[in-house]
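Peer 1: Sharing a model that was predicted from the sequence below.
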Amino acid sequence: MLKVKNVTKFYDDFKAVDNLSFEVKEGEIFGLLGANGAGKTTTFRMIMNLLDPTSGEITLNDKKIDYDVTDDIGFLTEERSLLLKLTVKELMIYYGTLKSMKKDEIISELKKWLKRFKIEEYENKKIKELSKGNKQKIQFISSIIHKPKLLILDEPFSGLDPINVDMFIDVINELKDKGTIIIFSSHQMNHVELFCEKLLILDHGKTIIEGTLKDIKSRYDERKILIKADVTKAELSKLEGVKSVVIKGDEIELNISNKKHVKDIFKFISKCKNVTKFEVVELSLHEIFTREVGGNNER
Amino acid sequence: MKDKFWFLTKNSLSKKIKNKTFLIVNILLLVALVALINIDKIVLAFGGNFNEVNNIMVVDKTENTYDIFKEVIDSEETIIDTGLKYKVTKIDDEDKAKKDIKKDEDILIIFNEDDENIISVKMITYGYINSNMYQLINTSINASKQILAMEKLNINEEDLAKINNPINIEREYIEEGKNKNEENQELIMSVVTPIVIFPFFMLILLVVQMIGAEINEEKSTRSMEIIISNVSPKVHFFSKILAANLFVIIQALLLFLYSGIGILLRGGSVQTDQINEMVGDITSKVDASGMLSNIINYIPIVLVLMLVTLLGYSLLAGILASMTTNMEDFQQLQTPIMVISLVGFYLSVMSSMFEGSLFIRILSYVPFISAILSPSLLLTGVIGLKDIIISILLMVIVVYLLIKYGLKIYKEGILNYSSNNLWKKMIKALKN
């Protein structure tokens, strides 16, 4: 289990992380979210033992994270950390050896992963010759080749097409099933919603939202109703609790201030002609994020 | 962690050695050094108009200059050794001789009587002639004129020998341990500068650039984060320093090897060997004074000073490189290192001009400069073994301080990705 306990980090007088605490168990995917400069990278660097916390403690399986423990951690950085002049194989041997792996083991694992990601032909190609998406695959392989107990994924899907995103998601879910502790960070909230059971949103170093995705969403009474029926925007605007009405193609999106109004709106719509859709949707993570963080950033 | 240190060192070293640039540079160095040592052979092997026989036609209106000139030019050629072919013939018909000048190798020399200068000379050629041939003719004419003058003044051979004999200045020194041969600094410096000082200066530049480039490559690609999350900055720092120093030592040994190959190839020569003569001249002078045995004794201690200094330069380069994020920033930040080494280099080259200068002697103890300046001062007898030992001790202290305080900067700087306030950040890291 990864435990981050009351961690604070100062850069001179600037408080980058303020009393941060969370726990991630084996087989859990934890989303660490925040706008740029919220303190995510500093948190990752502290977990990776690159920075010492000013106060607080970080442990992995009850051991303080030091150079004896970092072999068990895999880190996919947001900005790509690839030595471009090396070949894929050379890079993996370099990074793998730094993770205390033997050369033979590195090569056999590499072959397995290259096959899995359908890029076997790139084994002896220089990194600089690869496309952005393939570089990302290599970066991902380098972070999981040593079978880490803790995997930190900072923007893992950047530069990937939807097919490769699905491929990554499959692998991440497999690692989760094998008991890997995964910390995930992305600005793409739909990705976070895909597989993060627990998440935490940082804003200016402080935790502003924390919990399971279900719990967090349930804290908001606002709802969206998606309607397909013969009804006008003006008619819907007059209904109680309706905050806004947006026409999206042949569909109408109704934003309501409280879920208690759903029943009355349903009654109204059921009287309309040609009703083919009436769907009540919770606020998306994206909406929650922009509401909580966006507002604070505007200050 | 120990395994990772050796892995990083081995990886860094093999990356440098397997680099194509290293291979190309070394092939060029081998070719250049072998060529430089055998330059005369190469020039002759390629041939050229010096293979043509220079036809020196002499019209002697003085009646007695031709014979002297012919004798003199042959003896001068054995001294100057231009390697040029020539034949000297006496011509009576000046107009016919002029008509015979059809190419650059045809030279007509006309000797005339001259009351004031004993003889006057006119040289007619087709165009410009080989400069060595011109020098040979000029020297021979002057020597001929001297002989004619002696004859005119009725000076016999014995007196002529006395006039020509160089004066041997007997030297006496009040200070102990001084001798005449050490005064021949210019000759010694002409050997020390290209063989010792310049290559060492180049190796300093190489080690500084190499460390800067490698650290900045890892920083600019952000792979530093992955590396430092697996090994401590201390392990990373020392692996880079060790690899760079080993590389420079290998490069220095290769330079020696290439020079050896050049000398070996030269060894088969039966021709007059100016380099061998020059080296022989220097070594005989140095040996006569007993300096040669001293130099051989000094070599290990000077090498120690050079190695400690290289270590110092590489530590400094590593510390500065940790603060920068790209090579452009590093180039700016390393300027003080370049200035220091350049000062040492120029002082070393010019040290013979300021013999006895207390300022230069004091500078020979200054860390970073001492290793560049000391070899020349040592060979010219300005400093001795004790001075070198003091320089080594001072450099070791600096290396210790660089490791102690530099590591603080390195730990702070290695994950710094901002180019702003670099000096301020370094001072802050030291305070921390």
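Peer 2: Received the coordinates, thanks. Treat the numbers as computed from the prediction; the structure is a model and nothing was measured.
Peer 1: Where does pLDDT dip in the stretch 1-150 of chain A?
Peer 2: Of all residues in the stretch 1-150 of chain A, none has pLDDT under 70.
Peer 1: and if we set it to 90?
Peer 2: Within the stretch 1-150 of chain A, the ranges that satisfy pLDDT under 90 run A:11-14, A:34-38, A:41, A:49-51, A:66-68, A:70, A:77-81, A:85.
Peer 1: Which parts of it are helices?
Peer 2: Here the stretch 1-150 of chain A has its helices, by DSSP state H, counting those that start in this stretch, at A:40-47, A:88-98, A:103-116, A:132-144.
Peer 1: Next, the angle helix A:103-116 makes with the second one.
Peer 2: Using axes from the mean of the first three to the mean of the last three C-alpha atoms, to 10 degrees, the interaxial angle of helix A:88-98 with respect to helix A:103-116 works out to 130 degrees.
Peer 1: counting contacts, what elements does helix A:88-98 pack onto?
Peer 2: helix A:103-116, helix A:132-144, helix B:2-18, helix B:223-228 (3 or more C-beta pairs under 8 Å, 6 or more residues apart in numbering or on different chains; DSSP states H and E). For glycine as for every other residue, the C-beta is placed from the backbone atoms N, C-alpha and C.
Peer 1: Next, report how far that helix is displaced from the centre of its chain.
Peer 2: In terms of C-alpha atoms, centre = their mean, to the nearest Å, the centre of helix A:88-98 is found 26 Å from the chain centre.
Peer 1: Around chain A, pick out the residues from the stretch 201-350 of chain B.
Peer 2: The stretch 201-350 of chain B comes close to chain A at residues B:217-218, B:221-232, as judged by C-beta under 8 Å from any C-beta of the partner chain.
Peer 1: what residues does stretch A:258-267 touch?
Peer 2: A:221, A:222, A:223, A:225, A:239, A:240, A:241, A:242, A:254, A:256, A:278, A:280 (C-beta atoms under 8 Å, 6 or more residues apart in numbering or on different chains).
Peer 1: Out of those, flag the one nearest to chain B.
Peer 2: Nearest to chain B among the contacts of stretch A:258-267: residue A:222, at 40.0 Å, using C-beta to the nearest C-beta.
Peer 1: returning to what we had before: as a markdown table, the contacts of stretch A:258-267 with pLDDT, secondary structure and neighbour count would be great.
Peer 2: Formatted as a markdown table, those follow (pLDDT from 0 to 100; DSSP: H, G, I helix; E, B strand; the rest coil; neighbours: other C-beta atoms under 10 Å in any protein chain shown):
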| residue | pLDDT | secondary structure | neighbour count |
| --- | --- | --- | --- |
| A:221 | 89 | coil | 13 |
| A:222 | 89 | coil | 16 |
| A:223 | 91 | strand | 20 |
| A:225 | 93 | strand | 23 |
| A:239 | 90 | coil | 15 |
| A:240 | 90 | coil | 12 |
| A:241 | 90 | coil | 17 |
| A:242 | 92 | strand | 16 |
| A:254 | 92 | strand | 26 |
| A:256 | 92 | strand | 22 |
| A:278 | 93 | strand | 17 |
| A:280 | 93 | strand | 14 |
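Peer 1: Could you list the residues of the stretch 51-200 of chain A in contact with chain B?
Peer 2: Counting by C-beta under 8 Å from any C-beta, the residues of the stretch 51-200 of chain A that sit close to chain B are A:51, A:67, A:70-71, A:73, A:75, A:77, A:79-85, A:94-95, A:97-100, A:142.
Peer 1: Can you select the buried ones among these for me in ChimeraX?
Peer 2: Buried residues within these, by 16 or more other C-beta atoms under 10 Å in any protein chain shown, are selected in ChimeraX with:
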select /A:51,70,71,73,75,77,80,81,82,83,84,94,95,97,98,99,142
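Peer 1: ranges for the strands of chain A?
Peer 2: For chain A, the strands defined by DSSP state E cover A:2-11, A:14-24, A:29-34, A:55-60, A:63-64, A:73-76, A:150-154, A:181-185, A:198-203, A:206-212, A:223-230, A:242-248, A:251-256, A:273-282.
Peer 1: In terms of secondary structure, what does the fourth one contact?
Peer 2: Under the contact criterion of 3+ C-beta pairs under 8 Å, 6+ apart, the helices and strands touching strand A:55-60 comprise strand A:2-11, strand A:14-24.
Peer 1: Switch those over to CSV; also include mean neighbour count and distance to residue B:34.
Peer 2: Formatted as CSV, the helices and strands packed on strand A:55-60 follow (neighbours: other C-beta atoms under 10 Å in any protein chain shown; distance: least, C-beta to C-beta, whole Å):
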stretch, mean neighbour count, distance to residue B:34
strand A:2-11, 17, 57
strand A:14-24, 18, 60
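Peer 1: Take those strands and write them to a markdown table, including distance to chain B.
Peer 2: A markdown table is the format used below for these (distance: least, C-beta to the nearest C-beta, whole Å):
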| stretch | distance to chain B |
| --- | --- |
| strand A:2-11 | 11 |
| strand A:14-24 | 13 |
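Peer 1: Which of the ones you listed sits closest to residue B:346?
Peer 2: strand A:2-11 (43.4 Å; C-beta to C-beta).
Peer 1: before we move on, back to that, ok, which pair from the contacts of stretch A:258-267 is furthest apart?
Peer 2: A:221 and A:278 (18.8 Å).
Peer 1: How is chain A divided into domains?
Peer 2: By the assignment in automatic domain parsing, chain A contains the domains A:2-217, A:221-282.
Peer 1: now, of those, which is deepest in the fold?
Peer 2: Stretch with highest mean neighbour count among those: domain A:2-217 (a mean of 18; mean count of other C-beta atoms under 10 Å in any protein chain shown).
Peer 1: and that domain, how far from the chain's centre?
Peer 2: 10 Å.
Peer 1: Between its first and last residues, how far does that domain reach?
Peer 2: 25 Å (C-alpha to C-alpha, to the nearest Å).
Peer 1: Following element in sequence after the helix or strand of chain B with the lowest mean pLDDT, please.
Peer 2: Here the helix or strand of chain B ranked lowest by mean pLDDT, DSSP states H and E is helix B:274-288, holding a mean of 56. Per DSSP states H and E, helix B:274-288 leads on to helix B:291-323 as the next helix or strand towards the C-terminus.
Peer 1: Okay, buried residues for that next one please.
Peer 2: Buried, per 16+ other C-beta under 10 Å, within helix B:291-323: B:291, B:294, B:298, B:301-302, B:304-323.
Peer 1: And for the residue of the stretch 1-150 of chain B at minimum distance from chain A, nearest residue in space, chain neighbours not counted?
Peer 2: Of all residues in the stretch 1-150 of chain B, the one sitting closest to chain A is residue B:7 (5.1 Å; C-beta to the nearest C-beta). Nearest residue to residue B:7 in three dimensions, chain neighbours excluded: residue A:97, at 5.1 Å (C-beta to C-beta, 6 or more residues apart in numbering or on different chains).
Peer 1: Which among the domains of chain A is found nearest to residue B:17?
Peer 2: It's domain A:2-217; of the domains of chain A, that one is closest to residue B:17 (C-beta to C-beta) at 14.5 Å.
Peer 1: Run through the stretch 101-250 of chain B and note the low-pLDDT ranges.
Peer 2: For the stretch 101-250 of chain B (pLDDT under 90), the answer is B:101-106, B:113-120, B:126-136, B:139-140, B:142-202, B:219-223, B:225.
Peer 1: Strands along that one, start to end?
Peer 2: Here the stretch 101-250 of chain B has its strands, by DSSP state E, counting those that start in this stretch, at B:106-114, B:118-125.
Peer 1: Chain neighbours aside, what residue packs nearest to residue B:4?
Peer 2: Residue B:4 sits nearest to residue B:231 (C-beta to C-beta, 6+ apart), 4.9 Å away.
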